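S.K.: Sharing a model that was predicted from the sequence below.
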Amino acid sequence: METIFFYLVALVAVVSGFLVVRCQSPVNSALALVNTFFCLAVFYVMLYAPFMAAIQVIVYAGAIMVLILFVIMLLNLGTEARKRYTHGVVWAAIASLLVLVNVVFFIKRGRVTGAEGDITDYLIKTEGHTELIGKALYTEFLLPFEIASILLLVAIVGAVILAKKDV
Amino acid sequence: MLDSYLPIITLIVVALGFATGSIIFSRLVGQKKPSEVKLAPYECGMPPVGSARERFSVKFYIIAMLFIVFDIEVVFMYPWAVMFKRLGMFGFVEMGVFILILLVGYVYVWKKGALEWE
């Protein structure tokens, strides 16, 4: 049941990812990208990471998407500009085939599960995913967390300076 | 554990089904007798002026950018709120420092007049 559901969502993700590059109108591409983000959120839920799923929807499908749409509206690509840039399907096919070969090679050779850390499935099920993130972020990684606020501060100042030249 | 998401999936399926179903049903069953008065904009609508695909002012962009920054700030608060009781006073102080640094940015934006729509 879960496997079928995974393949269903994966199909939607791949199809909407294809539409992102195939759509003629950039706004349609952006909407397809929202769909892809939602599929990724479902994958996070299936990986027992509900907090990441919420972040995916709030930050990516919400905030980042708003920014992308605003950039599209700021640039306002006309119909002529859209026709000028055609998609190089042959080159894309070759490139993605090479990537596929690469991925299959590494999956066949390496261990699929990867290295195991301190956080086990059992711990996630008993403690809870969000609680574990909170514990790590606010005790172990306290300094990076505070630095993140400075990063956000720099982003605020940068945005104001970029967009408000006349002040 | 994933079984607990079944109500959410049910809700999504029902919502999507109702939305598409009512559109398709009204297409099939509804009567279409368009007249000039019926097709005219009504209520809060108005006749369109020019093309909708115009370049937007950069003012919208700065609002979007500030929205993202404060959105991410709030995202940091979710795991903090979940762990609030266990972190105790220590957690309160560190979130206070975090908010204080971003408050500097907020005051800066306010003083620069970036929130005003000239």
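M.R.: Thanks, I have the structure now. Numbers count the residues shown, from 1 in each chain, chains lettered A, B, ... in the order given.
S.K.: doesn't residue A:70 make contact with residue B:64?
M.R.: Yes - in this structure, residue B:64 is within contact of residue A:70 by Cβ atoms under 8 Å, at 4.6 Å. From N, CA and C alone the C-beta is placed, and that goes for glycine too.
S.K.: Of the two, which one has the most company?
M.R.: Taking residue B:64 and residue A:70 together and counting by other Cβ atoms under 10 Å in any protein chain shown, residue B:64 has the greater number of neighbours (23 against 19).
S.K.: Now do the same contact list for the more buried one.
M.R.: Taking Cβ atoms under 8 Å, 6 or more residues apart in numbering or on different chains as the criterion, residue B:64 is in contact with A:66-67, A:70.
S.K.: what helix or strand is the residue of chain A found nearest chain B on?
M.R.: With Cβ to the nearest Cβ, the shortest gap between chain A and chain B falls at residue A:134, namely 3.4 Å. Taking DSSP states H and E as the definition, residue A:134 sits inside helix A:129-135.
S.K.: what's the model's confidence in whichever helix or strand comes after that helix, averaged?
M.R.: Sequence-wise, the next helix or strand downstream of helix A:129-135 (DSSP H and E) is helix A:142-163. Helix A:142-163 comes out with an average pLDDT of 89.
S.K.: Please apply the same query to stretch A:7-26.
M.R.: Stretch A:7-26 shows a mean pLDDT of 89 in the predicted model.
S.K.: centre of the chain versus that stretch, how much separation?
M.R.: The chain centre lies 14 Å from the centre of stretch A:7-26; the measure is Cα atoms, centre = their mean, to the nearest Å.
S.K.: What residues of it count as buried?
M.R.: Taking 16 or more other Cβ atoms under 10 Å in any protein chain shown as the basis for neighbour counts, the residues of stretch A:7-26 that come out buried are A:9, A:13, A:16-17, A:19-20, A:23, A:26.
S.K.: Where in chain A is the helix or strand with the lowest mean pLDDT?
M.R.: In chain A, the helix or strand scored least confidently by mean pLDDT, DSSP states H and E is helix A:79-84, which has a mean of 57.
S.K.: packing partners for the next helix or strand after it?
M.R.: Per DSSP H and E, helix A:79-84 leads on to helix A:89-109 as the next helix or strand towards the C-terminus. Taking 3 or more Cβ pairs under 8 Å, 6 or more residues apart in numbering or on different chains; DSSP states H and E as contact, there are no helices or strands that helix A:89-109 lies on.
S.K.: The residue of chain A closest to chain B touches residue B:85, doesn't it?
M.R.: No - at 10.9 Å, residue A:134 does not count as touching residue B:85 under the criterion of Cβ under 8 Å.
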